[in-house]
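Colleague: Okay, here's the prediction I keep looking at, along with the sequence it came from:
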Amino acid sequence: MQSLSRLLHGRRQLLTNELARGLWFLGIGGTVALFNLTLVWLFSHQHTLPYVAYIVIVTECSILASFCLNDRLTFRSLAIHRASWIARCLRFHSVGAFGALFTIGLSATIFHLTHWAP
């Protein structure tokens, strides 16, 4: 009976940790999205770079900001955090690259069809 109690307590603790990690991840994602939109607005009004070039720069800045914040605040307690910083960064980028390529492609298509920059 005591082992069942310990097992349930361990599962409850795991669920609590995962919920907290999920909330951190969402909060950081929202913060980085605002950071991204701010950079896009600044570049779209104060730039000499072509649209696609500054979108790529802004996207990379956002991915790096997201990685740094999530690495420090969200994933610090996981075993994966024992890997080197560069390995963790490359792993994060490999996942973020697919979404970034889709976003940049869609954004560039909309810009070139409508000539409307965000």
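Modeller: Structure received.

Colleague: longest helix in the protein, by residue count?
Modeller: helix 2-45 (DSSP state H).

Colleague: Now the helix or strand that that one is followed by: buried residues?
Modeller: Helices and strands here follow DSSP states H and E; after helix 2-45, the next one along the chain is helix 51-69. Across helix 51-69, burial judged by 16 or more other C-beta atoms under 10 Å covers 51, 54-56, 58-59, 62-63, 65-67, 69. Where C-beta positions appear, they are placed from N, C-alpha and C, glycine not excepted.

Colleague: Can you get me the start-to-end distance on stretch 74-92?
Modeller: Stretch 74-92 has its terminal residues 13 Å apart, counting by C-alpha to C-alpha, to the nearest Å.

Colleague: buried set for that stretch?
Modeller: Buried-residue list, stretch 74-92, by 16+ other C-beta under 10 Å: 74-75, 88-89, 92.

Colleague: where does the protein have its least confident helix or strand?
Modeller: helix 2-45 (a mean of 80; mean pLDDT, DSSP states H and E).

Colleague: which helices and strands does that helix pack with?
Modeller: helix 51-69 (3 or more C-beta pairs under 8 Å, 6 or more residues apart in numbering; DSSP states H and E).

Colleague: can you give me the offset of the helix it packs on from its chain's centre?
Modeller: 10 Å (C-alpha atoms, centre = their mean, to the nearest Å).

Colleague: After it, which helix or strand is next?
Modeller: Toward the C-terminus from helix 51-69 - assigned by DSSP H and E - lies helix 85-114.

Colleague: Can you check what angle separates that following helix from helix 51-69?
Modeller: 150 degrees (axes from the mean of the first three to the mean of the last three C-alpha atoms, to 10 degrees).

Colleague: Report the buried residues of helix 85-114.
Modeller: By neighbour count on 16+ other C-beta under 10 Å, the buried set for helix 85-114 is 88-89, 92, 96, 100, 107, 111.

Colleague: from the chain's centre, how far out does the least confident helix or strand of the chain sit?
Modeller: For helix 2-45, the distance to the chain centre is 11 Å (C-alpha atoms, centre = their mean).
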